[in-house]
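1. Predicted model, plus sequence, below.
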Amino acid sequence: MSDDVPHRQPALADIIATLDVDRVDDEHFVATQLDNRIHHIVGGHIAGQALIAASRTAPDRLPHSMHVYYLRAGDARRPVDLHVEVARDGGTLSTRQVTARQDGQILLEVLSSFTTAVDAPEYQQPIPDVPDPDSLPSSQEQLAAYADELGGYWVQPHPFDVRYVDAPPRLAVDLGEPSPRLRMWSKPVDAVPADPVMHSALLTYLSGTKMVEAALAMRATNQAATFNALIDHALWFQRPVDLSDWVLSDQFTPSGVAGRGLTTSTMYNRAGQLVCVATQELYFGRGPRR
């Protein structure tokens, strides 16, 4: 397999096991990474680990937002130290600052907020009118024509079952009709623990790895052969997400400028409830790498 062939996707069980960080003391956690061919730490994964660590210091409260800045790639072959600072505990909201370090260097900084339940009026933007996920082919079926490309990258097993409503980026490249909007249903391929914070961490991982695709479609570049790196990432958890069922991600990329791509995602559960809104910016470098 050549150096251009991407690393295989991690198994869902490995993602869950490594998101469940080890606690050393009240504020210090150690996070095992998911290694890959280029040994770079996966941004959505370490962000999910930071969320889990912060949540351990805010018991009985659920995450409602997190804001992440990625500073360095880090080495996925070695663990990362997570330090959680208790910034504030109020009557309803708790705020935590998480710093991730490896060899003394800061890899990312996170501010996360947790909340108690509040009885108040609610409103939301309605879920888009899209086909039911059970009526759509899997991503492997959609991309079967590319099974021989990049060592089978497009049809390999994935920790999430993804059902695209719109053409995935690899198809968009060949269609020559890129769209700034990309909608997809996703669900873990196996059962996940009942812990609602773990579900939020898994959604963080998913958004960190899949939201890039809307920007890739507009760049009309081959996803698997395109360098990209997360710069920053923000999520607002509107209500607890249940990943035992499908989640719709309605992605939109409003801008790509100066080697960066900005993407937003509005996520709904199958009942039509808005569960999360996420925004991230990625760096693609000085030009597309084909």
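-> Yep, it's here.
2. sec struct for the residue nearest to residue 126 when sequence neighbours are not counted, please.
-> Leaving aside its sequence neighbours, residue 126 sits nearest to residue 272 (C-beta to C-beta, 6 or more residues apart in numbering; 6.9 Å). C-beta coordinates here come from the backbone N, C-alpha and C atoms, glycine included. Three-state assignment for residue 272 (DSSP: H, G, I helix; E, B strand; the rest coil): coil.
3. was I right about residue 272 contacting residue 125?
-> No - Residue 272 is beyond contact range of residue 125, at 10.5 Å (criterion: C-beta atoms under 8 Å).
4. Would you indicate which residues of stretch 75-87 are buried?
-> 75, 76, 79, 80, 81, 82, 84 (16 or more other C-beta atoms under 10 Å).
5. from the residues you listed, which is closest to residue 26?
-> Using C-beta to C-beta, residue 84 comes nearest to residue 26 of the buried residues of stretch 75-87, at 8.3 Å.
6. who touches that closest one in this structure?
-> 27, 28, 29, 53, 54, 56, 57, 96, 97, 98 (C-beta atoms under 8 Å, 6 or more residues apart in numbering).
7. Next secondary structure element downstream of the lowest-mean-pLDDT helix or strand in the chain?
-> In the chain, the helix or strand scored least confidently by mean pLDDT, DSSP states H and E is helix 169-175, which has a mean of 84. Note on helix 169-175: by DSSP states H and E, the next helix or strand toward the C-terminus is strand 181-188.
8. So which elements touch that following strand?
-> With contacts defined as 3 or more C-beta pairs under 8 Å, 6 or more residues apart in numbering; DSSP states H and E, strand 181-188 has these neighbours: strand 160-164, helix 196-210, helix 212-219, strand 247-257.
9. Run through who's touching it.
-> For strand 181-188, using C-beta under 8 Å, 6+ apart, the contacting residues are 12, 128, 130, 133, 136, 159-166, 168-169, 202, 206, 210, 213-214, 217, 243, 245-252.
10. now it against helix 212-219, angle please.
-> Angle of strand 181-188 versus helix 212-219, following axes from the mean of the first three to the mean of the last three C-alpha atoms, to 10 degrees, is 150 degrees.
11. Could you dump the buried residues of stretch 75-87 into JSON lines and include distance to residue 22?
-> Listed next are the buried residues of stretch 75-87 as JSON lines, based on distance: C-beta to C-beta, whole Å:
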{"residue": "75", "distance to residue 22": "18"}
{"residue": "76", "distance to residue 22": "17"}
{"residue": "79", "distance to residue 22": "8"}
{"residue": "80", "distance to residue 22": "11"}
{"residue": "81", "distance to residue 22": "11"}
{"residue": "82", "distance to residue 22": "10"}
{"residue": "84", "distance to residue 22": "13"}
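12. rank the helices and strands packed on strand 181-188 by pLDDT, which is bottom?
-> Among these, helix 212-219 carries the lowest mean pLDDT, a mean of 86.
13. which other helices and strands contact that helix?
-> helix 169-175, strand 181-188, strand 247-257, strand 260-269, strand 274-283.
14. please redo it, this time with the cut-off set to 7 Å
-> Under the contact definition 3 or more C-beta pairs under 7 Å, 6 or more residues apart in numbering; DSSP states H and E, helix 212-219 sits against helix 169-175, strand 181-188, strand 247-257, strand 260-269.
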